[in-house]
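Colleague: just a sequence and a predicted model for now, questions to come.
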Amino acid sequence: MDKHCTVSLLRWFFGVAFVIMGVSKLFSFSMMQGFFSQVFGSLATVLLVVTIIAELGGGLLLLADKWTKHVSLVLMVVMVVAFFVTMKWEGNVLTILQSIVGSVPILYLVGLLGIYYGSK
């Protein structure tokens, strides 16, 4: 499998995944707003809207193969924030390392790095 085909598969996979995440946040807006307000306080609504736009728009742009490097950078920022918000820093070092390696935002971040470095 050549590099172009691999990057295309990553774009399609993560494009669909981000569209689904954005749409799910849109349809469960009030529930997500409650979660975001616990984490971000008074900026919750603004950051939720920005996140929905980034995920939904970014996913669509990945699927369309438009501005792929820029989009992947924006989505990497979203995933880094998601990692630090959802990560549990409890337990011994081994437990924390296992949590980091198995963290969904980290796995998405690795895929987005592949898209970033593999794109034109």
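Modeller: Received, thanks.
Colleague: how far away is Val50 from Phe36?
Modeller: 10 Å (C-beta to C-beta, to the nearest Å). (Glycine included, C-beta is placed from N, CA and C.)
Colleague: of the two, which one has the most company?
Modeller: Neighbour totals were compared for Val50 and Phe36, and Phe36 leads with 21 against 13 (other C-beta atoms under 10 Å).
Colleague: thinking that one is in contact with Thr45, fair?
Modeller: Yes: if you go by C-beta atoms under 8 Å, Phe36 and Thr45 touch, sitting 7.5 Å apart.
Colleague: helices or strands up against the helix or strand where Phe18 lies?
Modeller: Using DSSP states H and E, the element containing Phe18 is helix 3-27. Counting contacts by 3 or more C-beta pairs under 8 Å, 6 or more residues apart in numbering; DSSP states H and E, helix 3-27 packs against helix 44-64, helix 68-86, helix 104-118.
Colleague: next secondary structure after it?
Modeller: Next along from helix 3-27, by DSSP H and E: helix 29-40.
Colleague: show me which residues of that following helix are buried.
Modeller: For helix 29-40, a neighbour-count test (16 or more other C-beta atoms under 10 Å) marks 32-33, 36 as buried.
Colleague: can I get the residues you listed in TSV including distance to Leu107?
Modeller: Formatted as TSV, the buried residues of helix 29-40 follow (distance: C-beta to C-beta, whole Å):
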residue	distance to Leu107
Met32	21
Gln33	26
Phe36	22
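Colleague: with distance to Gly118 and pLDDT added, can I get the residues you listed in a markdown table?
Modeller: Formatted as a markdown table, these follow (distance: C-beta to C-beta, whole Å; pLDDT from 0 to 100):
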| residue | distance to Gly118 | pLDDT |
| --- | --- | --- |
| Met32 | 31 | 95 |
| Gln33 | 36 | 95 |
| Phe36 | 32 | 94 |
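Colleague: burial count for Val7?
Modeller: Neighbours of Val7 using other C-beta under 10 Å come to 19.
Colleague: okay, the closest residue to it other than its chain neighbours and Thr95: tell me how far apart.
Modeller: Spatial nearest neighbour of Val7, excluding adjacent residues (C-beta to C-beta, 6 or more residues apart in numbering): Gly118 at 3.7 Å. According to C-beta to C-beta, Gly118 stands 33 Å off from Thr95.
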